[in-house]
Every structure is written in C-alpha cells, then in structure tokens.
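Student: Okay, structure incoming, though there's no sequence with it:
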C-alpha cells in the first residue's frame, strides 16, 4: 500500500491506475491522504512491482509536466 501527501500528481496517479498493466491490480482510495493498493501477482517480487509502479508514476508525471510546459527536475538540474 502506498500513501501520498499533497505533492502527488493526482492526474498521473489516476492515469497509471487505468493503464492496462495496473487496471485489475491497483485500487485507488481517495481522501485527505490518497492511498493506492497494488495487488501482487502469484510469484511476483514485491520490491520489483513497487519499483515498476513508482517508475510508471514518475514517467507519467514527467510527461504531464512537459505537456504543460514545466521543466522537469532533470532539466532544471542540467541548467545549473
């Protein structure tokens, strides 16, 4: 189970939950602190599954920022 604070990109979270890879495995619970439950597949390594989910969230958030014209943290770091 993942919990998030107000820094989470809600659109990215929802988009990842609707991806084919997570559609039947992820349950999003709204609230003051949104929670995401990821159900493991038989024999799946929990750390690898969590890492893949976090990476999918990061990639979607980066894509959303770029579409909105915002700099990604990597771009801002490169300019320093």
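Tutor: That came in fine, so what should we check first? Being a predicted model, the structure only gives us computed values, none of them experimental.

Student: what does stretch 8-15 contact?
Tutor: Stretch 8-15 has contacts (Cβ atoms under 8 Å, 6 or more residues apart in numbering) with 4, 28, 34, 36, 57, 60-61, 64. Backbone N, C-alpha and C define where each C-beta goes, glycine included.

Student: hmm, 6 Å instead?
Tutor: 57, 60-61, 64 (Cβ atoms under 6 Å, 6 or more residues apart in numbering).

Student: If we only consider those residues, which is nearest to residue 20?
Tutor: residue 60 (13.7 Å; Cβ to Cβ).

Student: Quick check, pLDDT for the closest one.
Tutor: On pLDDT, residue 60 comes in at 80.

Student: what do you get for residue 70?
Tutor: At residue 70, the pLDDT recorded in the model is 58.

Student: Now do the host helix or strand of residue 12, average pLDDT.
Tutor: Per DSSP states H and E, residue 12 falls inside helix 10-17. For helix 10-17, mean pLDDT rounds to 82.

Student: Now do the contacts for the residue nearest the centre of the chain.
Tutor: With distances taken as Cα atoms, centre = their mean, the chain has residue 57 as the residue nearest its mean C-alpha position (2.3 Å). By Cβ under 6 Å, 6+ apart, the residues touching residue 57 are 12, 16.

Student: make it 10 Å
Tutor: 2, 4, 8-9, 12-13, 15-17, 36 (Cβ atoms under 10 Å, 6 or more residues apart in numbering).

Student: which stretches of this structure form strands?
Tutor: 2-3, 26-29, 35-38 (DSSP state E).

Student: For these, please prepare a markdown table with the additional fields mean neighbour count and distance to residue 49.
Tutor: Output for the strands of the chain, formatted as a markdown table (neighbours: other Cβ atoms under 10 Å; distance: least, Cβ to Cβ, whole Å):
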| stretch | mean neighbour count | distance to residue 49 |
| --- | --- | --- |
| strand 2-3 | 14 | 11 |
| strand 26-29 | 15 | 10 |
| strand 35-38 | 15 | 6 |
